[in-house]
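Peer 1: Sequence and predicted model, in that order:
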Amino acid sequence: MDPIRNPFAPGAGSPPPELAGRSAVRERMRQCIGRLRIGRPAKSMMLIGLRGAGKTVLLFQMLKDAERDGAITIRIEAPEGRSLPALLAPQIRLVLLKLNRWSQAQAYAVRGLRALAGFAGKLKATYGDIEVGLDYEPEPGLADNGELEGDLAMLLEQVGRAAQAADTAVAIFIDELQYVKESELEALISALHRVSQQQLPITLVGAGLPQLRGKMGEAKTYAERMFEFPEIGSLSPSDARAAIVIPIENEGERIEDDAVALIIEQTQGYPYFLQEWGKHAWDDAARSPISAADVRNATQQAVVTLDESFFRVRFDRLTPKEKAYLRAMAALGPGPHRSGDIAEALHRPTTSLGPIRSSLIAKGMIWSPTHGDTAFTVPLFDDFMKRVMPMEKTGDIAASG
């Protein structure tokens, strides 16, 4: 099989050749944009899921869908260590400059740019990483109180009024939203609540790990009434099959049914893993159709590749104590697990492990599905931990805590 024609694309955020199983979520976004453009209310959306479930890919596809439907979009990633105002301000400026091209929206867009000048100027003292070009002088009293929640609400209100005048909508797409500080997340939710009350055409589509839902509820108790929270998980067997078979057939080649079944079994239907297995199965096959034997031969290389990249990049960020904690979880199985069971496996009091658990949650390695439970945020990470840390090597690390 020609590797140059290999259709599969494993990579961080790389769009797959066939985006299977996500049409319902995309349709909800299409309806949201359509309703906003005619002045009807619509909930914003949070894509919730584990690593490798395809949230980033879906987020970008929904952005393209929104642009096709006539919306103006903002796309940002919320990396650790950057403030939300610093990420938003330059993008809001670009949106306002676009809206300024509509004659009927110019006055509102200019006022929005004045609001942005006040917003950035007053919050610079608090958020030193704000860097944005200023096109107009600030208007006194407009988004310049120096308090994020009120100023962001006033700024988005001006953006919404300009979009309304231009008969369009603004869709803000934020990836890795779980990394936004709670105070900044609170301000964002509050600002969106304000523009929603005024029926202004602004929506937010975020993506994050499962703990994001709880974090938003803690930031604002009414958040769950403002947002939809579609869970982006592993694909159904039929959708997983489509993700493998359609790209191969589009290249004029075939894959046997038992080979597809084996890939789905090995990957548990997670989109990133499907791409990895599909790539290696194609490269390993000498000819079409790809067989189950080809998939079995490719599995070892697929696992090695995942260990060296997808899993290793997360493992290398961990301290020895954090690695020991995750290894103890892995010994108990895929999870979720009770905190007391993990502590017992480490021969430690549960209370002594609280800081380690909190650190792992902050790093996005684990989350708590229910009170007292702990689960991996990365699918198949328990198997990786067993490979990279054989049980006999964990005793000294656990005891050192």
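Peer 2: Yep, that arrived. The structure presented is a predicted model; accordingly, all values stated were derived computationally and were not measured.
Peer 1: Going by C-alpha atoms from here, please, whenever you check contacts or count neighbours.
Peer 2: Noted.
Peer 1: Tell me where the stretch 251-400 of the chain has strands.
Peer 2: 337-338, 366-367, 373-376 (DSSP state E, counting those that start in this stretch).
Peer 1: Determine which stretch of those strands is the most buried.
Peer 2: Burial of the strands of the stretch 251-400 of the chain is given as mean neighbour count (mean count of other Cα atoms under 10 Å); strand 366-367 ranks first at a mean of 23.
Peer 1: so where's this protein uncertain?
Peer 2: Across the chain, the ranges flagged by pLDDT under 70 are 80, 391-401.
Peer 1: let's see 50
Peer 2: Counting by pLDDT under 50, the ranges of the chain that qualify are 392, 394, 396-401.
Peer 1: Can you give me the domain boundaries for it?
Peer 2: Domains of the chain are assigned by automatic domain parsing as 23-228, 235-314, 318-400.
Peer 1: Would you format those as CSV with distance to A9 included?
Peer 2: Compiled in CSV, these are given as follows (distance: least, Cα to Cα, whole Å):
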stretch, distance to A9
domain 23-228, 11
domain 235-314, 6
domain 318-400, 19
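Peer 1: picking up where we left off before, ok, which of the strands of the stretch 251-400 of the chain comes nearest A165?
Peer 2: Minimum separation from A165 across the strands of the stretch 251-400 of the chain (Cα to Cα) falls at strand 366-367, 42.9 Å.
Peer 1: tell me how far stretch 248-267 is from the chain's mean position?
Peer 2: From the chain centre to the centre of stretch 248-267 is a distance of 28 Å (Cα atoms, centre = their mean, to the nearest Å).
Peer 1: coming back round to it: now the strands of the stretch 251-400 of the chain in a markdown table, with distance to I356?
Peer 2: Output for the strands of the stretch 251-400 of the chain, formatted as a markdown table (distance: least, Cα to Cα, whole Å):
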| stretch | distance to I356 |
| --- | --- |
| strand 337-338 | 15 |
| strand 366-367 | 11 |
| strand 373-376 | 12 |
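Peer 1: can you give me the helices in the stretch 151-300 of the chain?
Peer 2: 182-197, 211-219, 223-226, 237-250, 257-267, 271-284, 292-306 (DSSP state H, counting those that start in this stretch).
Peer 1: what about L156, neighbour count?
Peer 2: Each residue near L156 was counted by other Cα atoms under 10 Å, and the total is 24.
Peer 1: how much space between it and A117?
Peer 2: Distance, L156 to A117, by Cα to Cα, to the nearest Å: 13 Å.
Peer 1: and L50, which of the strands of the stretch 251-400 of the chain is closest to it?
Peer 2: Using Cα to Cα, those put strand 373-376 closest to L50, at 8.3 Å.
Peer 1: Show me what that closest one is in contact with.
Peer 2: 334-339, 365-369, 382 (Cα atoms under 8 Å, 6 or more residues apart in numbering).
Peer 1: Tell me, how many residues neighbour F310?
Peer 2: As a burial measure, F310 scores 19 neighbours (other Cα under 10 Å).
Peer 1: try W102
Peer 2: Neighbour count of W102, defined by other Cα under 10 Å: 16.
Peer 1: where along the stretch 101-250 of the chain do the strands fall?
Peer 2: Using DSSP E, counting those that start in this stretch, the strands of the stretch 101-250 of the chain run over 170-175, 202-208, 227-228.
Peer 1: what's the most buried one of those strands?
Peer 2: Among the strands of the stretch 101-250 of the chain, strand 202-208 has the highest mean neighbour count (mean count of other Cα under 10 Å), at a mean of 25.
Peer 1: Pairing partners for that strand, with directions?
Peer 2: strand 44-48 (parallel), strand 170-175 (parallel) (DSSP bridges).
Peer 1: So what touches the first one?
Peer 2: Looking back up the chat, that one is strand 44-48. Against strand 44-48 from outside (Cα under 8 Å, 6+ apart): 32, 55, 59, 203-210, 212-213, 226-232.
Peer 1: need the next SSE after it, C-terminal direction.
Peer 2: Toward the C-terminal end, the helix or strand that comes next after strand 44-48 (DSSP states H and E) is helix 55-68.
Peer 1: Please save the CA atoms from that following helix in PDB.
Peer 2: Output of helix 55-68 as PDB, limited to C-alpha atoms (Å, rounded to 0.1, in the frame of the first residue of the first chain):
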ATOM      1  CA  LYS A  55     -13.000  17.800  20.800                       C
ATOM      2  CA  THR A  56     -10.400  20.100  19.100                       C
ATOM      3  CA  VAL A  57     -11.100  18.700  15.600                       C
ATOM      4  CA  LEU A  58     -14.900  19.100  16.200                       C
ATOM      5  CA  LEU A  59     -14.500  22.600  17.600                       C
ATOM      6  CA  PHE A  60     -12.600  23.700  14.400                       C
ATOM      7  CA  GLN A  61     -15.100  22.100  12.100                       C
ATOM      8  CA  MET A  62     -18.000  23.800  14.000                       C
ATOM      9  CA  LEU A  63     -16.100  27.100  13.500                       C
ATOM     10  CA  LYS A  64     -15.900  26.500   9.800                       C
ATOM     11  CA  ASP A  65     -19.600  25.600   9.800                       C
ATOM     12  CA  ALA A  66     -20.400  28.900  11.600                       C
ATOM     13  CA  GLU A  67     -18.500  30.900   9.100                       C
ATOM     14  CA  ARG A  68     -20.300  29.200   6.300                       C
END
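Peer 1: Okay, buried residues for it please.
Peer 2: Buried residues in helix 55-68, counted by 16 or more other Cα atoms under 10 Å: 55-63, 65-67.
Peer 1: hang on, the earlier thing: in a markdown table: the strands of the stretch 101-250 of the chain, plus distance to G252.
Peer 2: Below are these laid out as a markdown table (distance: least, Cα to Cα, whole Å):
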| stretch | distance to G252 |
| --- | --- |
| strand 170-175 | 35 |
| strand 202-208 | 35 |
| strand 227-228 | 40 |
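Peer 1: So in terms of bridging, what pairs with E231?
Peer 2: I48.
Peer 1: so who does it touch?
Peer 2: Applying Cα under 8 Å, 6+ apart to E231 gives the contacts 47-49.
Peer 1: which of those residues tops the neighbour count?
Peer 2: Neighbour counts for those peak at L47, which has 26 neighbours (criterion: other Cα under 10 Å).
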